[in-house]
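Novice: Output the structure for:
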Amino acid sequence: MTVQPIDGWRFFVKGGKMDCVVDLEHGKCDCGVYAVEKIPCSHAIAAGTSVGLHISTLVCPVYSKDFLFAGYSENIYPCVGQQVEERTCFPPEVKRGPGRQKKSRWQSWLELSRMRGRKPRKQHRAYRCSKCKETGHTKPQCKSSSV
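Specialist: Here you go, the predicted model:
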């Protein structure tokens, strides 16, 4: 991708699926990915690296470990007036689907290649005569003297 600076924080990035104007100060790009996910798109990464910014500085701080730890740092209490029951929780019951159950077995390379719609490669063996032990022919076609 080619990056052309517009001003200090804005860049015009050519390449990729579309040409975009990237604003690194406000975290926006014309493709819309950077503004929604707050994670830099390919255009923002190209603009940031051309200026010499590290990619981690372009990511919204909400995705940092500090924010994650801060969310779980204090105790979480139930709402006032809400009754909490003591119960053991079991996993949900799994119901079998209707119809015959599918086979679960490993398929051979021949079956896999037929499913893909290709012919499998033929595996040629070097034939060896059981009479004279030479390669290239078998016992019925052997021309050596019979012993």
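Novice: Who is residue 5 paired with across the strands?
Specialist: For residue 5, the beta-bridge assignment (DSSP bridges) gives partners residue 11.
Novice: measure it to residue 21 for me?
Specialist: According to CB to CB, to the nearest Å, residue 5 stands 11 Å off from residue 21. To be clear about C-beta, it is placed using only N, CA and C from the backbone, and glycine gets the same treatment.
Novice: Determine the set of other helices and strands touching the helix or strand of the chain with the lowest mean pLDDT.
Specialist: Considering only helices and strands, the least confidently modelled element of the chain by mean pLDDT, DSSP states H and E is helix 109-116, at a mean of 74. Judged by 3 or more CB pairs under 8 Å, 6 or more residues apart in numbering; DSSP states H and E, helix 109-116 has no packing partners among the helices and strands.
Novice: State which helix of the chain is the longest.
Specialist: Using DSSP state H to define each element, the chain has its longest helix at helix 42-51.
Novice: Would you mark the buried spots in that helix?
Specialist: Of the residues in helix 42-51, those with enough neighbours to count as buried (16 or more other CB atoms under 10 Å) are 42, 43, 44, 45, 46, 47, 48.
Novice: Name all residues that make contact with the fourth one.
Specialist: Residue 45 makes contact with 55, 58, according to CB atoms under 8 Å, 6 or more residues apart in numbering.
Novice: can you give me the strands in the protein?
Specialist: Defined through DSSP state E, the strands belonging to the chain, from first to last, are 2-5, 10-14, 20-23, 28-29.
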